[in-house]
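# make a model of this:
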Amino acid sequence: MKRTKIFSAVLAGLFLLLSFAPAAGATTTNGSVFDYQKSVISQTNRLRGSANALALETELCTLALELAKLQDGYAGRDDYLPSGQAWTTLLRDNGYSYVEATYVLVATKSNLSSTQLVKEFKKSNEYALLYNRYTRAGVNWYYSEASQAYYYVMILTRPVTSLTEVPEGSKYAYRAVSTVGVNVRSGPGTDFDITGGLGKGQTVLVASVSGKWAKIFWDNSAYAYVHTSYIKKVADLGVAKASAKVNVREGAGTEFKILGQLKRGETVTIECYSGSWAQVQWRNGIGYVSLDYLK
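Presented below is the predicted three-dimensional model:
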């Protein structure tokens, strides 16, 4: 699809009405940029329900800013960058090689609150997919002096395959999470063919380990191999125990607000994973705990 550039004189009439900050990296009237991003994801999660909560990723927020800049002067969302490459090239070049992804784009001449932003996001076709498909998100925006318009982007991703089930009658040794994007091979060595890949923060089930290579369950009841230096053993889904006193946070990262603490030996229920963080049941909602402190 060829992108069509438009003149700023007709920009307002062609864009959806949306805004939530004066410029990328600036402070909003309601707090910091990070607070605003958290608010957008929090409101989205309330619509989705806690069982399917999106995790806010700072890396995706950075990429959302880059993508927003590339929208400058264009009439709407496009699957291709101005260079002619697919927009997902931006993800692949920054460590997100093995994810399914989409993004939501809106633009306007005015400023709106985060609540108004979410309402506008809901009008897009891509946003409708949030309820059963994507698991991680990043939000950011860019103000163009040339176009005198704001461009707002939410990037949504999920791993390309689900590797968390095993064939009937089979058993796995432990659950692991990939720490980076990494190739998956047909055998235990770099001389074997690449059969696919894991995205950063993707969960796998390890059947066995031979030397430095983990044998993992793969698609269609098959096996594949990944080097153990790129995966990390984590507590399994269900009830886990804190190995030490640890904070429970609002999101998957130390930059998020502390909601409370788990004492050593206290149990919590793991619902899903976001990179090296576990999403857990916390009081009447959800919280996040570093997997380094759960067993």
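
# beta-bridge partners for residue 288, please?
Taking DSSP bridges as the rule, residue 288 bridges to residue 249, residue 279.

# my read: residue 252 touches residue 286, true?
No - the criterion here is Cβ atoms under 8 Å, and residue 252 misses it with residue 286 at 10.6 Å. C-beta: built from backbone N, CA, C; applies to glycine.

# please enumerate the shared neighbours of those two.
Residues touching both residue 252 and residue 286 by Cβ atoms under 8 Å, 6 or more residues apart in numbering: residue 279.

# so between these two, which is more surrounded?
residue 252 (23 against 20; other Cβ atoms under 10 Å).

# you'd agree that one is in a strand?
No - using DSSP: H, G, I helix; E, B strand; the rest coil, the assignment for residue 252 is coil, not a strand.

# and the helix ranked longest in the chain, what does it pack onto?
Longest helix of the chain, by residue count under DSSP state H: helix 33-48. The contact analysis (3 or more Cβ pairs under 8 Å, 6 or more residues apart in numbering; DSSP states H and E) places helix 33-48 against strand 55-56, helix 114-121, strand 136-144.

# per-residue confidence at residue 259?
Note for residue 259: predicted pLDDT of 92.

# now it: which helix or strand?
Per DSSP states H and E: residue 259 is located in strand 258-262.

# that older thread, residue 62 is nearest to which of the helices and strands packed on helix 33-48?
Closest to residue 62 of the helices and strands packed on helix 33-48, according to Cβ to Cβ: strand 136-144, at 7.2 Å.

# how far does the closest one sit from its chain's centre?
With Cα atoms, centre = their mean, to the nearest Å as the basis, strand 136-144 stands 13 Å off its chain's centre.

# could you identify the helix or strand that succeeds that strand?
strand 149-159.

# ok, and for the helix or strand just after that following strand, which residues are buried?
Next helix or strand after strand 149-159 toward the C-terminus (DSSP H and E): strand 174-178. Neighbour-count burial for strand 174-178 flags 175-178 (criterion: 16 or more other Cβ atoms under 10 Å).

# if we can go back for a sec, which parts of the strand holding residue 259 are buried?
For strand 258-262, the neighbour count (16+ other Cβ under 10 Å) marks 259, 262 as buried.

# let the chain start at 36 from now.
With the count now opening at 36, the last piece we talked about shows up as strand 293-297.

# what comes into contact with that strand?
Contact with strand 293-297 is made by 277, 280-285, 303, 317-318, 322, 324, 328, as judged by Cβ under 8 Å, 6+ apart.

# from these, pick the one nearest residue 238.
residue 324 (15.5 Å).

# what's the burial count for the closest one?
24.

# could I get the contacting residues of it?
277, 281-284, 297, 303, 312-313, 315.

# hang on, the earlier thing: just the angle for the longest helix of the chain relative to strand 184-194, thanks.
Using axes from the mean of the first three to the mean of the last three Cα atoms, to 10 degrees, one finds that helix 68-83 and strand 184-194 are set 60 degrees apart in direction.
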